[in-house]
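Participant: Here you go, sequence then predicted model.
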Amino acid sequence: MIDPKILADHNITIEEYKRIIRLIGREPNLTELGIFSLMWSEHCSYKSSKAHLRKLPTKAENVIQGPGENAGVIDIGDGLAVVFKIESHNHPSFIEPFQGAATGVGGILRDIFTMGARPIAILDSLRFGPLEKSRNRAITEGVVAGISSYGNSIGVPTVGGEVYFQERYSKNPLVNVLCLGMAQTNKIFFAKAEGAGNPVLYVGSKTGRDGIHGATMASAEFGEETEQKRPNVQVGDPFKEKLLLEACLEVMDKNLIIGIQDMGAAGLTCSASEMAARSGTGIAIDLDLVPQREEGMTPYEIMLSESQERMLIVAKKENVAEVQRIFAKWDLDAVKIGEVTRGGKLQVTSRGQVVVDLPVEAIVNLCPSYRRPARKPATLKSLQALKLPPLPSDLEKVFLQVLSSPTIADKEWVYRQYDHMVQINTVLLPGADATVLRIKGKKKGLAVVVDGNSLYTYLDPRTGGRIAVAEACRNLACVGARPIGVTNCLNFGNPEKADVMWQFKEVIEGIAEACRAFSIPVTGGNVSFYNDTEGVSVCPTPVLGVVGLVEDISQMVSPGFKSEGDIVVLLGETKEELGGSEYLRSVFNLERGKPPAIDLEKEKRVHEMCLEAISLGLIRSAHDISEGGLAVCAAESCFLSPARIGCVLDLEGSLRADALLFGETQSRILVSLPSSNLASFLALAKENRVEAAPVGKCGGRRFVIRCAGREVINLPVETCWRTWKEAIPRLLSLPQD
Amino acid sequence: MKFGVVVFPGSNCDHDTLFILQKVLCQEATFLWHKDHDLGRVGCVILPGGFSYGDYLRAGAIAKFSPLIEEVREFAERGGLVLGICNGFQILLELGLLPGAMLRNKNLKFLCQHVHVRVENARTAFTHRARPGQLLRIPIAHFDGNYYAPAETLHRLEASNQVVLRYVDENGEATEPANVNGSASNIAGLINAKGNVLGMMPHPERASEAVLGSRDGRLIFESIILWR
C-alpha cells in the first residue's frame, strides 16, 4: 500500500524507505511512515548537518548541558544557570507572517521552560526583502506584530535583535528567535522517560489538525504552490502558554516530575520517542485518551499534529494527583495518556488496535547521516573580484544615504512594538551593542546579543563564520561582558546542492575556529536548510546568539557619548577593506569583493583591552565598528548620547576617504573618555598590544569628520539623526505597489 | 499598609509589582488569587499589568467576571485604595469603577517606551508625595491605551480634578506628539470622584529603581504608603 507517490509526499527516498524496512523488519503502515517522515526529516534529524556540527566545540567547565537537549545550560555561579537556545521559524513566517513568527516565539519559550528555567528574555534576528516592495513590507509588519503579540502577552521581554534587508530574503524571510531563561542549578529538568510503569501525562492545549507536517514542510524548497501550505502553519495562543509556563514551573519547583518535553515540531511523535530514546525505555500511548479539539481525527493526524502549547510529562507515580491539582489551578488539563515501558518501543493504540509499534532507537537515532557532496561555487572567484568605484565627490550625501539604508537605520519602529521592559531586569535597552539584564539581588548581570552578517558569509563563508562570532563577542566587550556560551541558528539553502553544502561546511569551520579562539562552548542551536524559493537560495546566514556575564553591572558601559569635551579614541587599525560593505551595497548596489579579514588573536586582545578599560573605569562609552564603518559608528554614538551631542573627528592615514569612513575592518571599537584618563588608557592599550589613536572630541551640535585634514562631513547632528530615525517608518509608509 | 497584588491568569506584571513593594520599598505585600473570595485585610489592592485571560476580547473585559473582582468592587465602594496599572486600568474601566474606555493606540501598534507624565492633581492618595505639575518619567507598554470618554464626561473629569496624570513632552507641555497613544485630553491617569481608585497606563513599578533609569514611579507607591 505504500507506493512511490506516498513516499514522495512524505519526503522519504526509496533508499530511506528500504532502510526503514530493514530496521523494523516489515513494511510500516501509513501512520508509522508519517512518524518516520517527521523524525527523519532534515528539521528533526539533522541528517545533512550532523557530520559537520560535530566540529563545533561544545565543552567547557561551565557547561551543564551541551547540544542534544531542548536547550543548552551554562553555570553562572551562585547556584544559578542560564538556559538558552535559538531557533528558526522561517518557512511558516513566509506563508503566514503573523502566526508563523508568533509560534516561533512560543516554540522557543517552551524549549526553555521545559528545562525548569523561567524565560527572562527574547531576542530575534530577522531578514527581509527590501521594503520598497509592498509584499516585503507586509511580511515585515506581520512578523514584527506576531513576535510582539506573543512575547508581550506572555510577559517575557523582547530585549534585542537585529534586522537586515536584502533581495534574496524577499521570498524567504528569516525569523530566528533566541530565548534566554534562568534556573537554579539544582532544579534543571531534562527530557527523560525513566522508570517503567511511570505515567505519561499530556498537558496543555487540545490536539487539532493544525500544523500537520510542519517539520516536513520546513525540510523542502518552496515553489509556486506555497500559498496552499498555509493550513500547515499553527496558530499560537500566548495566554494558554502563559498558563502552561506557570503550571510547569510550579510542578518542577515542587520536584513532582521525572522528565518533560515540549511538543514542538513533530508533536507527540517527537516528544514521546525522544524522551524514551534518551532513557533507553519505551512509551505506550492510548490515543483515545489524548485531548482532542476536533472530532474524527485519525491516529496519523493525532501523532503528527503540531498544535501549539502542549507538553509531555513523565511524572512520579505517587505525584500524579498533585500534578493534576496544580494544572487544574491554572485551568489546564493534565491527562494520563500512557506509561513508560521496558523494551524500547513506541507503542500506540487507538480504539483497542495497535496502530504504531516501532523501536524508538530506529525513529530517533538510526536515521541515515549524509555526507553530502560539497563544492566551492564556481561563481565565487568572480564575486570576490572587486574594482572599486571612483571616490564619490559628495561624501556628505553618501553618508546620509548610508545612514538611511534600512539595515543601518534606527530600529526603534521594531522594538517599540515589543515590551522590552517587563520583568524589570532590562538595564541596557535595545539599540545598544548588546542588551544587559540585571540579576535581581546580585551585583553581576547578563549581556546577550544576536549577530550575523550574511553578505560576508556569502562572499567568504569561512571568514563570515569567524566574523559572526567575533563581532558578537565584540558587542559583549563593548558593554563590559565576557562571553560564556554560544547558540547558533544556521540558515542555508538546499543541502542537496553542492554549493550550499560547501558554504555550510565552511561557515561551521569558521564558527568553530572562532569559538575555540575565544574559548566559548556552543551549547546548541538549530539548522534550517531548504531556504530556497523558486530555486534561489538565501545567502548563507549563520546567526550567532552569544550570552555574556557582566561582573558588576554598575560598571556597565553603553554606546552613546556622554560629555562635551570627552576624547574619542579608536581602538584597532583601519585598512582599505570595502568588500562586502554596507556602503558598497547601499550606495553602489555592489554585493561583491572579499569581506574584511580577521585575525582572531588580535580580536581577542581588543576585547581584553576594552574589558580591562571598563573594569578600571577609564571609558564612558564604547561602540563596536561594524556595518557602515567608523562614520556610522561615531554617528550612532552621537544619536545614543542623552543630549545628542556632536563630535569632531580627524581621521589620519593614506587610505581612500571612503575606506576611512565606511570600511568595515574588523577588531575596532570606538570609545570616549575624559581627557584625564587618556594617558592611562593609551598605556593600557600599549600593554595589550592594541593600536589606540585619539581621533577627536565629543561636543557641539555638529557631526564633523576630516579625512587627512580635508573636511568631508560637516552636518548638524539633528539632520543625521532624522535621516537615521525616519528611514524605516518612511519606507513602511510607501503606497502599495 | 499591606498591599495585595491580584493575580489573574495572564497577569504578567504581578511579580514585578510585588518585587518593588517587598524588596525595594520594604512593604508587606501578598498575591491575591483571582479564584479566591478573600482580600485578606489588605489596605491597598493593586490590579497589575498584563493580558488578563489573554485579552482576546476587549482588554479587561473577561477579568471583570473573575471571582475575586466582586470583593475588589466592594472594597472600592467601602473606600479602600485600588490602583490599576495598565491592564489594571483597563479592568477598572470595564468594571465601571472609572468612566470611559480604551481604544487601540492611534498608530495601531503596541507601544513600549519611556514617556513623561505631568502630575495634574497632587492631592490624591496616590500622588500627594509629588509636587503639583511635577514631571514623571515612567514607561508605558500597551496596545490599548488610547483613552476615550464623551465630551461631557471629559468636562466633568477636568472640572473635578479627576485627571491625575497627563502625557506631556520633556518640557511639560501637553502636546500632540507627546500624546503617543492618542488619549483624549492626553489623559494618562484618572481617579474616581471619591478619590480612592486610580487607573494609570504608565508602569510605576518599572521606574522605581535607579538601575532601571528612573525612580519617578516610586512617588506613586510612597504616596499610598504615607497616606493618612
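Facilitator: Perfect, thanks for sending it.
Participant: Every contact and neighbour count from this point should use C-alpha atoms.
Facilitator: Noted.
Participant: Get me the contact residues on the stretch 51-200 of chain A for chain B.
Facilitator: Counting by C-alpha under 8 Å from any C-alpha of the partner chain, the stretch 51-200 of chain A comes close to chain B at A:S148, A:S153, A:I154, A:G155.
Participant: Please report how far A:L640 lies from chain B.
Facilitator: 15 Å (C-alpha to the nearest C-alpha, to the nearest Å).
Participant: name the element B:S223 belongs to?
Facilitator: helix B:218-225 (DSSP states H and E).
Participant: wait, does that helix contact chain A?
Facilitator: No. Looking at helix B:218-225 against chain A by C-alpha under 8 Å from any C-alpha, there are no contacts, and the closest approach is 14.0 Å.
Participant: Return the residues of the stretch 301-450 of chain A in contact with chain B.
Facilitator: The stretch 301-450 of chain A has residues A:330, A:415-427 near chain B, with proximity defined as C-alpha under 8 Å from any C-alpha.
Participant: In helices only, show me those.
Facilitator: A:Y415 (DSSP state H).
Participant: Redo the residues of the stretch 301-450 of chain A next to chain B as JSON lines? Include pLDDT and neighbour count.
Facilitator: Formatted as JSON lines, those follow (pLDDT from 0 to 100; neighbours: other C-alpha atoms under 10 Å in any protein chain shown):
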{"residue": "A:W330", "pLDDT": "96", "neighbour count": "18"}
{"residue": "A:Y415", "pLDDT": "97", "neighbour count": "24"}
{"residue": "A:R416", "pLDDT": "97", "neighbour count": "18"}
{"residue": "A:Q417", "pLDDT": "98", "neighbour count": "23"}
{"residue": "A:Y418", "pLDDT": "98", "neighbour count": "31"}
{"residue": "A:D419", "pLDDT": "98", "neighbour count": "25"}
{"residue": "A:H420", "pLDDT": "98", "neighbour count": "28"}
{"residue": "A:M421", "pLDDT": "98", "neighbour count": "28"}
{"residue": "A:V422", "pLDDT": "98", "neighbour count": "28"}
{"residue": "A:Q423", "pLDDT": "98", "neighbour count": "23"}
{"residue": "A:I424", "pLDDT": "98", "neighbour count": "26"}
{"residue": "A:N425", "pLDDT": "98", "neighbour count": "23"}
{"residue": "A:T426", "pLDDT": "98", "neighbour count": "27"}
{"residue": "A:V427", "pLDDT": "97", "neighbour count": "20"}
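Participant: Put the buried members of the residues of the stretch 51-200 of chain A next to chain B into a ChimeraX selection.
Facilitator: Selection of the buried residues among those in ChimeraX, burial being defined by 16 or more other C-alpha atoms under 10 Å in any protein chain shown:
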select /A:148,153,154,155
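Participant: what does chain B put close to chain A?
Facilitator: B:9-10, B:12-13, B:15-16, B:50-51, B:53-54, B:109-113, B:141, B:206, B:211-213.
Participant: Dig out what A:D451 forms beta bridges with.
Facilitator: A:L544 (DSSP bridges).
Participant: ok, it to chain B distance?
Facilitator: A:D451 is 23 Å from chain B, by C-alpha to the nearest C-alpha.
Participant: Please enumerate the helices of the stretch 301-450 of chain A.
Facilitator: A:320-329, A:360-364, A:380-384, A:395-403, A:412-415 (DSSP state H, counting those that start in this stretch).
Participant: mind listing what A:I326 touches?
Facilitator: Contacts for A:I326 (C-alpha atoms under 8 Å, 6 or more residues apart in numbering or on different chains) come out as A:A247, A:E250, A:V251.
Participant: quick one: A:L678 and A:C638, what's the gap?
Facilitator: 20 Å (C-alpha to C-alpha, to the nearest Å).
Participant: quick one: average pLDDT of stretch B:65-74?
Facilitator: For stretch B:65-74, mean pLDDT rounds to 96.
Participant: Show me which positions of it end up buried.
Facilitator: Those would be B:S66, B:L68, B:I69, B:V72, B:R73, for stretch B:65-74 by 16+ other C-alpha under 10 Å.
Participant: State the helix or strand in which the third one lies.
Facilitator: This means B:I69. Counting by DSSP H and E, B:I69 is found in helix B:67-77.
Participant: Please consider this matter closed, and thank you.
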